[in-house]
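S.K.: Sequence plus the predicted model coming up.
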Amino acid sequence: MLELLKTRRSIRKYQNREVEQEKIDAILKGALMAPSSRGRRPWEFIVVNDKEKIKKLSSCREHASGFLSGAPLAIVVAANADIGSIWVEDAAIAASYMQLMAHSLGLGSCWIHVRERPYDDTQTAEDYVRGILDIPDHIKVLCILAIGYPSEGRPVHQEESLLYDKIHYNRF
Ligand SMILES: Cc1cc2nc3c(=O)[nH]c(=O)nc-3n(C[C@H](O)[C@H](O)[C@H](O)COP(=O)(O)O)c2cc1C
């Protein structure tokens, strides 16, 4: 597990190669096993492999999402906010599980943030994504995971650069 955590990096460049359905299934199965507040599992996952839709989604943020157009797969992570106020935490954990699952399967991924981010001066990134994928209003969008076989290498996390001063025992 530590090796997996050490070698996972955000990957934004992908090979021109489809992700096999078995791998997509495994990633999603991992998400469905994520813990959630009171076991309420408010998440919803929209798997997008339609190239046109991926291209449209890649414009959801002015600068932070363009690389999605080069990915063969996107998973939009959303949740039913009517189920509980801490859907953000639940969805974030599931997204994180999927990133680790993807990495464990030899895939790269990167989180594209959507919640509380603008698309432009008149529309939120969330509403832009909602429009492309017909997401109903009570389903809130947290992020999009771009996923694919990596075509860039990133250095693994270095033990020396870990912020051990963030750790406190018994008091701050
Ligand atoms: C909550 C969250 C939001 C993020 N939003 C974006 C984003 O919109 N676009 C992007 O390219 N990367 C985004 N990232 C990826 C971070 O930039 C990346 O995780 C960070 O630079 C650390 O690098 P690493 O993942 O390779 O360890 C996000 C990551 C998290 C956890």
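M.R.: Everything's here; your move. Residues are numbered from 1 along each chain as shown.

S.K.: count of neighbours near the residue nearest to Glu18 when sequence neighbours are not counted?
M.R.: Residue nearest to Glu18 in three dimensions, not counting chain neighbours: Pro72, with 5.3 Å by C-beta to C-beta, 6 or more residues apart in numbering. Using the backbone N, CA and C atoms, a C-beta is placed for each residue, glycine as well. Per other C-beta atoms under 10 Å, the neighbour tally for Pro72 reads 18.

S.K.: buried ones in stretch 105-125?
M.R.: For stretch 105-125, the neighbour count (16 or more other C-beta atoms under 10 Å) marks 105, 107-112, 114-115, 117, 119, 124-125 as buried.

S.K.: Which of the residues you listed sits closest to Gly153?
M.R.: Gly108 (9.7 Å; C-beta to C-beta).

S.K.: ok so, going back, ok, the residue nearest to Glu18 - contacts?
M.R.: Shown in contact with Pro72 (C-beta atoms under 8 Å, 6 or more residues apart in numbering): 14, 16-19, 49, 54, 147-148.

S.K.: Report pLDDT for it.
M.R.: pLDDT, Pro72: 98.

S.K.: Would you quantify the distance from it to Trp87?
M.R.: 28 Å (C-beta to C-beta, to the nearest Å).

S.K.: same thing with Ile112?
M.R.: Look at Ile112 and Trp87: by C-beta to C-beta, they are 18 Å apart.

S.K.: likewise Val129?
M.R.: Distance from Val129 to Trp87, by C-beta to C-beta: 16 Å.

S.K.: How about Phe45?
M.R.: 13 Å.
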